[in-house]
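> Kindly return the folded structure for what I paste below:
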Amino acid sequence: MIRVGIVGGRGLSTILGFKALDNVKVEALCDLDEDLLKEQSKKHNIPKTYRIYEDMLESQIDAVVIATPMQLHVPQAIQALEAGKHVLSEVTAGVTMDELWWLVETVEKSKKVYMMAENYCYIPENQLIRNMVAKGLFGEVYFGEGEYIHDIKSLAKYDDGRSTWRKFWQLGKRGAFYPTHSLGPVMQWFEGDQIEAVACVGTGWHTAPEFRQEDTTITLCKLKSGKLIKIRIDCISERPHNMAYYSLQGTKGCYEAPRGLGDDHKIWLKGMDENTDIAKWRPLRDFYYYLPERYKNATEEHKKAGHWGGDFFIVQDFVDAITKGVKPAIDVYQACEWTAVGLLSELSVTNGGRFMAMPDFRESTREEQIIKL
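Numbers count the residues shown, from 1 in each chain. The predicted structure is shown next:
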């Protein structure tokens, strides 16, 4: 039996996933808000509650889910790892480059499982495209893009007028401060590749100049293979949300996610039409037989876990990494690289869109832990 403690009473997206597994029990919940703590523990039948994180770490739990504001992720992950607990962390992995190195070093030293809970990687259509890429249906893929368009200006203040953490750690920063939802799924389509350099430009401040975050930023990730990924982050503009747009281009075909107003996931593969002058999109739903088997066999309980079933499978992968010794689906090196895109984009956009080199979190010596211009 794996006993789990969750820190962050407002971030319980994984709890139904844990409950759907026989060999896991959510044993503890920690939050500073005592009223919220009582409410959520009662709602989800969690037997133990803590207001002090260190007290929960001293209890009889095996793993910790970190679902607190992003500036707390690395400090709390390090505390958990040093206490001998496995860690499933919400995104992003950290908020500074130094933090990412601390995290890598602590994970390597602890020998415990660390996994980043990037649930957009688990959206069924993203898993479907990943499977189709692996089977060669798109040929050699060379360009991908992801967009996260979500107006969060209203989240900068609490109801009583106080500033929230998002005002500073999200809307108070320039660049692609929240890249992993857009980047993660696309990086999995470029299996085995790594990011070599990052460049970012912004539109300036038009809609809400009181925030440091620009209306829209475009970030380019040049891969070591020479291939390209484009990310658009927009959390300011007045427009409908579109938090999960992706596209992919390969030598034998392409894919685009919906953009709204009845649009659907769609693909085109070479050979479907006589030539590209008369080419027409096909609905991706006609290719759902390429879904991974576990998605085809997902139960209603799995799907109810959230994010189209992704919140169950992400928990399943975390538990498998603990019990079976398999590589975490999104390990600490991927977590840090994807997170670093946002941190490097901030440096790039403040330096005229200059390309910033991505360090290799996998094999760097202390002397190489620098940001190269």
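
> name the helices or strands packed onto the helix or strand of the chain with the lowest mean pLDDT?
Least confident helix or strand of the chain, by mean pLDDT, DSSP states H and E, is helix 300-304 with a mean of 87. Helices and strands touching helix 300-304, by 3 or more CB pairs under 8 Å, 6 or more residues apart in numbering; DSSP states H and E, are helix 310-323. The way it works is simple: take the backbone N, C-alpha and C, and place the C-beta from them, glycine included.

> what's in contact with the helix it packs on?
2, 13-14, 16-18, 20-21, 23-24, 62-63, 86, 88, 113, 115, 117-124, 294-295, 298, 301-303, 305-306, 326-329 (CB atoms under 8 Å, 6 or more residues apart in numbering).

> Out of these, which end up buried?
Neighbour counting over the contacts of helix 310-323 (16 or more other CB atoms under 10 Å) leaves 2, 13-14, 16-18, 20, 24, 62-63, 86, 88, 113, 115, 117-124, 295, 298, 302-303, 305-306, 328-329 as the buried ones.

> just to revisit the earlier point, among the contacts of helix 310-323, which are in strands?
In this view, the contacts of helix 310-323 that belong to strands under DSSP state E are 2, 24, 63, 86, 88, 115.

> quick one, what contacts Lys327?
Lys327 is in contact with Ala321, counting by CB under 8 Å, 6+ apart.

> Could I get the pLDDT score of it?
Here the pLDDT value assigned to Lys327 is 98.

> Look up how far Thr251 lies from it.
Noted for Lys327: a distance of 29 Å to Thr251, by CB to CB, to the nearest Å.

> Could you do Asp98 as well?
Asp98 is 40 Å from Thr251, by CB to CB.

> Any stretches of the stretch 101-250 of the chain with poor pLDDT?
The stretch 101-250 of the chain contains no residues with pLDDT under 70.

> Just say helix, strand or coil for Val107.
Here Val107 is helix, with the state taken from DSSP: H, G, I helix; E, B strand; the rest coil.

> what about it, how many neighbours?
Neighbour count for Val107, taken as other CB atoms under 10 Å: 23.

> In this structure it contacts Ile78, no?
No - with contact defined as CB atoms under 8 Å, Val107 does not reach Ile78; the gap is 9.1 Å.

> May I ask which two of the ones in strands among the contacts of helix 310-323 are separated the most?
Using CB to CB, the ones in strands among the contacts of helix 310-323 span at most 14.3 Å, a distance reached by Val24 and Met115.

> Can you pull the phi and psi angles for Tyr158?
For Tyr158, the backbone dihedrals (degrees, to the nearest 10) come out as phi -80, psi 170.

> ok, now which ones touch Leu37?
9, 29-31, 49, 51.

> quick one: which of these sit in strands?
Judged by DSSP E, strands contain the following of these: 29-30, 49.

> Just among the residues you listed, which is most surrounded?
Leu29 (27 neighbours).

> how about the helices in this structure?
15-19, 34-43, 53-57, 73-82, 97-110, 124-134, 165-169, 180-189, 293-296, 300-304, 310-323, 332-349 (DSSP state H).

> Kindly reformat these as JSON lines containing distance to Met356.
Shown next, in JSON lines, are the helices of the chain (distance: least, CB to CB, whole Å):
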{"stretch": "helix 15-19", "distance to Met356": "36"}
{"stretch": "helix 34-43", "distance to Met356": "39"}
{"stretch": "helix 53-57", "distance to Met356": "34"}
{"stretch": "helix 73-82", "distance to Met356": "21"}
{"stretch": "helix 97-110", "distance to Met356": "10"}
{"stretch": "helix 124-134", "distance to Met356": "27"}
{"stretch": "helix 165-169", "distance to Met356": "20"}
{"stretch": "helix 180-189", "distance to Met356": "15"}
{"stretch": "helix 293-296", "distance to Met356": "36"}
{"stretch": "helix 300-304", "distance to Met356": "40"}
{"stretch": "helix 310-323", "distance to Met356": "30"}
{"stretch": "helix 332-349", "distance to Met356": "4"}
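
> Select, out of those, the one closest to Lys266.
Using CB to CB, the nearest of these to Lys266 is helix 124-134, at 10.5 Å.

> What residues sit buried inside that closest one?
Neighbour-count burial for helix 124-134 flags 124-133 (criterion: 16+ other CB under 10 Å).

> out of those, which one sits closest to Trp169?
For the buried residues of helix 124-134, the nearest to Trp169 is Asn126 (26.0 Å; CB to CB).

> roughly how far apart are the nearest residue to that closest one once chain neighbours are set aside and Asn351?
In this structure, Asn126 finds its nearest non-sequential neighbour in Pro185, 4.0 Å apart by CB to CB, 6 or more residues apart in numbering. Here the criterion is CB to CB. By it, Pro185 lies 28 Å from Asn351.
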